[in-house]
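Student: make a model of this:
(one chain, ligands or ions: 1)
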Amino acid sequence: MNGAVANTQSKDSGNAVLSLDLQGMSFKDTPILGALSFQVFPHETLAITGPSGVGKSTLLRIIAGLERRFKGDVQAPDNIGFVFQEPTLLPWRNARQNICLTAHVDATIAEAALGEVGLGGLGDRFPMQLSLGQQRRLSLARAFASRPAVLLMDEPFVSLDPALSDEMMSVFEDLRARTDVATVLVTHVEAEANRLASRIITLEGTPAQIVDERQNAGAYFQLSASGVTSSRS
Ligand SMILES: Nc1ncnc2c1ncn2[C@@H]1O[C@H](COP(=O)(O)OP(=O)(O)OP(=O)(O)O)[C@@H](O)[C@H]1O
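Tutor: Numbering: from 1, shown residues only. Sure thing, here's the model as predicted:
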């Protein structure tokens, strides 16, 4: 039987905005993910690290509802945002339309979202008329425009040079601070996890298990007293 993705508002999961209780996930006969569980709370950024091919992206796809071939239970909100390694912009739509069409917001909200990432006044430009950094800013603006309860980020800063990566992380931090979004960040860059995440989970093995889980006291904010907890299977 395939797994179920339910709306968090319909079940009692404390104040977690995302609860994952996975029993396992296989592609045909190849086990990818083993039993693992965790919860994510508003304002929290959870980093997921682990070696290439361990199943990190697959885990994000399960949370997003894009992959159903799993056993277990995922309680997730309807409004989930996704930021990929590439900006994935629509080349034939201008910046404003890229936000309106994907985030399902009106032009006024899209303009405000552009302003939040320093792209005010550039709404008429098409992606090819924007620099790489501006395209990345647009991608982040689009992800935040619909005020997602959960934001999934799959190696969003990995292909950038150090200066641009640092700049984009600052943009992300600014946007995050304006909302109560809960973020799940897949990254293999330890410094990135240490900078952005309040909690870091490491996956290893076949099928993948949580082999390490730690709070990151060095993150920019203190965990709320609302009880940030997690569980391991
Ligand atoms: N659609 C698919 N069908 C079969 N196998 C797949 C499919 N998608 C991914 N896999 C396999 O599942 C495993 C996990 O892939 P996944 O992309 O989740 O790993 P990852 O940890 O995100 O890797 P990376 O860090 O390199 O991006 C890999 O062995 C991959 O080859």
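Student: near the ligand, which residues of the chain?
Tutor: Contact residues (C-beta under 6 Å from any ligand atom) of the chain with the ligand: 27, 32, 50, 52-58, 188. For the C-beta atoms, the positions are set from N, CA and C on the backbone; glycine is no exception.
Student: again, only this time at 8 Å
Tutor: 27-28, 30, 32, 50-61, 154-155, 186, 188, 203, 208 (C-beta under 8 Å from any ligand atom).
Student: next helix or strand past the longest strand along the chain?
Tutor: In the chain, with assignment by DSSP state E, the single longest strand is strand 18-27. Next helix or strand after strand 18-27 toward the C-terminus (DSSP states H and E): strand 30-33.
Student: which residues are contacting the longest strand of the chain?
Tutor: Outside strand 18-27, the residues within contact range by C-beta atoms under 8 Å, 6 or more residues apart in numbering are 3, 8, 11, 13, 31-40, 55, 58-59, 62-63, 67, 69-77, 150, 182, 184, 207, 233.
Student: with stretch 146-157 instead?
Tutor: 17-18, 40, 42, 56-57, 60, 63-64, 76-77, 79-85, 103-105, 139, 143-144, 165, 168-169, 172, 179, 181-189, 192.
Student: ok, the residue most central in space within the chain to residue 94 distance?
Tutor: In the chain, the centroid-proximal residue (C-alpha atoms, centre = their mean) is residue 152; its distance is 1.6 Å. According to C-beta to C-beta, to the nearest Å, residue 152 stands 26 Å off from residue 94.
Student: related to what we said a few turns ago, partners of the residue nearest to the centre of the chain in the sheet?
Tutor: residue 82, residue 184 (DSSP bridges).
Student: and stretch 102-119, what's buried?
Tutor: 102-103, 105, 109-111, 113-114, 116-117, 119 (16 or more other C-beta atoms under 10 Å).
Student: gap between the two ends of that stretch?
Tutor: The separation between the terminal residues of stretch 102-119, taken as C-alpha to C-alpha, to the nearest Å, is 17 Å.
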